[in-house]
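> Here is my input; please provide its structure:
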Amino acid sequence: MTVVDMLTILGDRLEDPNGTFFTDTMKYRYLNRAQDKLIHLLNNHLLTDLQVVETDISLTTDSDMESHFTRYITPSSTGDLTSDPFGGALGVIGIRSNNSNYFRKISYEMVQDFTTGLTAFNTTEPVYFIYKNRMYLYNTTANVDVYYIKEPAQMGASTECDLNGVFHDALLELAEAELWRTSNTQDRKSEAEQRAFGMISQYNGYPATGIVGEGHAFDYGSNSAVVDPIYPNYPVN
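Numbering: from 1, shown residues only. Take a look at the predicted model:
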């Protein structure tokens, strides 16, 4: 579906096909707002059209940080990446060192526990944490590869939607809800919003590869009762 198609459909649904009340400028504005909202609501593994990998990124040094975490990357187009991840550092879904080890994300509180000896890390299971919108990596100087969800282009007269076409109906429902909100038509806003949420719930319930637990990393380093979806701790018939 093209953006022009989206504008036409929105005009029909809003009973304003000529754009007398809801102008194209307004429709573009709320289509883009709906796009951001939709990306927040969808599971990362569904956003294949926005997934990016950048390789061989060199690290920067921050001498004020704890001695084992002095190397970092800045996840932005003005930092170490060519595009902005959606949500900044939170849009990064994976970091891998040149020796192919993946870094596991930890909290700043775990780093504090590390400095007091309550937790321990090693180079065979490297970790990183987010601070000041930077990603600080444990004990490495090697270049890294970064996997992330990029910010989509803003839709306009000459820019199409970056999202996969399967999500366009939900996008339209969210945009319609936002536009009804501007005219204080709460019942029609709620109806469009509920239709969108129903679609999103269906999308999020469908794993792309059929693997149970897809999109949820298993913590191999814990003693919790969480079941590993790939190697469960019980017999499989």
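
> Report the contact partners of the residue nearest the centre of the chain.
Centroid-nearest residue in the chain, with C-alpha atoms, centre = their mean: Gly91, separated by 4.4 Å. Listed by C-beta atoms under 8 Å, 6 or more residues apart in numbering, the contact set of Gly91 reads Pro75, Asp84, Pro85, Tyr148, Ile149, Lys150, Glu151. In this view, the C-beta of every residue, glycine as well, is placed from N, C-alpha and C.

> Buried residues, the lowest-mean-pLDDT helix or strand in the chain. List them.
The helix or strand of the chain with the lowest confidence, counting by mean pLDDT, DSSP states H and E, is helix 108-115 at a mean of 81. Of the residues in helix 108-115, those scored as buried under the neighbour-count criterion (16 or more other C-beta atoms under 10 Å) are Val111, Phe114.

> How about stretch 41-55?
In terms of neighbour count (16+ other C-beta under 10 Å), stretch 41-55 has its buried residues at Leu42, Asn43, Asn44, His45, Leu46, Leu47, Leu50, Glu54.

> from those, which is closest to Glu193?
For the buried residues of stretch 41-55, the closest approach to Glu193 (C-beta to C-beta) belongs to Leu42, at 15.5 Å.

> pLDDT score for the residue nearest to the centre of the chain?
The confidence metric pLDDT takes the value 91 at Gly91.

> any idea how far Ser58 is from it?
When C-beta to C-beta, to the nearest Å is the yardstick, Gly91 and Ser58 sit 21 Å from each other.

> that older thread, name the surrounding residues that touch the following helix or strand past the least confident helix or strand of the chain.
Towards the C-terminus, the helix or strand next in line after helix 108-115, according to DSSP states H and E, is strand 127-131. Counting by C-beta under 8 Å, 6+ apart, strand 127-131 makes contact with 65, 69, 89-90, 95, 103-108, 110-111, 121, 135-138, all of which sit outside it.

> Buried subset of the residues you listed as a ChimeraX selection?
Buried members of the contacts of strand 127-131 can be picked out in ChimeraX with the line below, counting by 16+ other C-beta under 10 Å:
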select :65,69,89,95,103,104,105,106,111,121,135,136,137,138
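
> which stretches of this protein have low pLDDT?
Applying pLDDT under 70 to the chain picks out residues 99, 117-118, 207-237.

> what ranges do the strands span in it?
Counting by DSSP state E, the chain has these strands, from start to end: 51-57, 60-61, 71-73, 92-97, 104-105, 127-131, 134-137, 144-149.

> Report the residue ranges of every domain in this protein.
With automatic domain parsing serving as the domain definition, the record reports that the chain contains domains spanning 3-45+163-204, 48-149.

> Distance to Ala157 for these - can I get that in CSV?
Shown next, in CSV, are the domains of the chain (distance: least, C-beta to C-beta, whole Å):
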stretch, distance to Ala157
domain 3-45+163-204, 8
domain 48-149, 21
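
> Of all those domains, which one is nearest Met155?
Smallest distance to Met155 across the domains of the chain (C-beta to C-beta): 5.0 Å, for domain 3-45+163-204.
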